[in-house]
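Q: Kindly return the folded structure for what I paste below:
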Amino acid sequence: MSNLVFVSGDFCSGSTLLFTLFRKTGQYYSLYEPLHELLLQYLFWPLEPDDHHFFVGNYHSEFKGFNKIPTLFNPRWGNSGLYLPAEEDADDLYRYLTYITGTAFGRSKNVMLKENRFTFRLGWLRAKFPHAKIVHIYRNTEAQWKSNLRRVRAWRGAEDVGQENAGYNGFNVATWCEDLKAQFPELDVANFQTGYQRFAKLWELSFIENQRYADISIDYDELVRNFEATCKQLWDCIGARGIDTARLKQFVVPSESQKPASIRASGAAQRVKRFIYRAGMKYARVRVRVALQSKA
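A: Numbers count the residues shown, from 1 in each chain. Below is the predicted model:
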């Protein structure tokens, strides 16, 4: 069994489902998005699970007791410096990842780390953690775009969220493209007319990069439709043994069984949700400042 597994995939690709399955095996200590730009706040004010992230619970509960995170973590990793070639040192990022994986190994013999921000850093990740397995999950372009747009619309309570504009920034599409365009000039906003066009080019480049470094690539639709066969390929690839795949199937909810988000109906409820979220984040930022000052 590979005792360290990295799960890589785009936002809205099914990566949280894969995280949930690893977590539910009981064999892997599962770490959720340690590069998220708001991680420190979420450690004080837990992020409420997305309506379509079934059975996930508290995303970051496994980070409890990781006391050095506030001094090692850099929120800029979330949305900048997204391209990291294999030959770069990036000592601060390496120090952080070795700390969280090392601490996790102190609690379990197997560790899985899921992160959507690894894609253009996978060459570096492979060089720094050569014995780890990299699992890539993907979804077809149209389905991933629809998921992205549905969730942004539901959160904002509006149909028009700027998707017809090439600067559309749902799930940080535009932010990522601007950060990556030095290495991938085809992502420049001038090359597109709509948000979908730019998203599709980013999807394509992400898919190529993940395919280049992953030990296995999993099609989300295949995982849902042919669950046991796809899981067998996954477990065989990473060398996992003794996993009760049949039991895990209960945690998979096919798209056709999911209740679609109603944008109109969710408007008032989402405003309340956003108010609570902003209040929680304000509280969390104060707690983060106090934590950092006490360690200074």
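
Q: residue closest to the middle of the chain?
A: Most central in the chain under Cα atoms, centre = their mean is residue 116, positioned 3.4 Å from the mean C-alpha point.

Q: If we ignore the residues flanking it in sequence, what's nearest that residue?
A: What sits nearest to residue 116 in space, not counting adjacent residues and going by Cβ to Cβ, 6 or more residues apart in numbering, is residue 11, at 5.2 Å. Just so you know, the C-beta spots here come from the backbone N, C-alpha and C atoms, and that holds for glycine as well.

Q: if I pick the one you found, what's in contact with it?
A: If a contact means Cβ atoms under 8 Å, 6 or more residues apart in numbering, then residue 11 has 116, 148, 171-172 as its contacts.

Q: So which of these wins on neighbours?
A: In terms of neighbours by other Cβ atoms under 10 Å, the contacts of residue 11 top out with residue 148 at 24 neighbours.

Q: For the chain, just list every one of the helices.
A: Counting by DSSP state H, the segments of the chain that form helices are 15-25, 39-44, 69-72, 91-105, 122-128, 141-156, 173-180, 195-213, 220-225, 227-238, 245-248, 263-295.

Q: Isn't the residue nearest to the centre of the chain up against residue 7?
A: No. The pair residue 116 / residue 7 is not scored as a contact, 9.2 Å apart, by Cβ atoms under 8 Å.

Q: Please enumerate the shared neighbours of those two.
A: Between them, residue 116 and residue 7 share the contacting residues residue 15, judged by Cβ under 8 Å, 6+ apart.

Q: ok, now which ones touch residue 84?
A: The contact partners of residue 84, by Cβ under 8 Å, 6+ apart, come to 90, 93, 120-121, 123-124.

Q: and the residue nearest to the centre of the chain, what is it in contact with?
A: Under the criterion of Cβ under 8 Å, 6+ apart, the contact list for residue 116 reads 8-11, 13, 15, 33.

Q: Where neighbours are concerned, which of those residues has the most?
A: Of the contacts of residue 116, residue 9 is surrounded by the most neighbours, 30 neighbours in total, counting by other Cβ under 10 Å.

Q: Now do it, the pLDDT please.
A: Here the pLDDT value assigned to residue 9 is 98.

Q: what's the distance between it and residue 106?
A: 27 Å (Cβ to Cβ, to the nearest Å).

Q: Specify which member of the contacts of residue 84 is nearest to residue 144.
A: Using Cβ to Cβ, residue 120 is the member of these that sits closest to residue 144, with 17.1 Å.

Q: And for that closest one, the neighbour number?
A: By the criterion of other Cβ under 10 Å, residue 120 has 21 neighbours.

Q: Nearest residue to it in space, please, no chain neighbours.
A: Across the structure, with Cβ to Cβ, 6+ apart as the measure, the residue nearest residue 120 apart from its sequence neighbours is residue 83 (4.5 Å).

Q: for residue 167, same thing?
A: Here the residue nearest residue 167, using Cβ to Cβ, 6+ apart, is residue 174, at 5.1 Å.

Q: Now do residue 90, the pLDDT please.
A: The predicted local distance difference test score for residue 90 is 98.

Q: Apologies, that question was intended for residue 290.
A: Here, the pLDDT recorded for residue 290 equals 80.

Q: any idea how far residue 221 is from it?
A: Distance from residue 290 to residue 221, counting by Cβ to Cβ: 46 Å.
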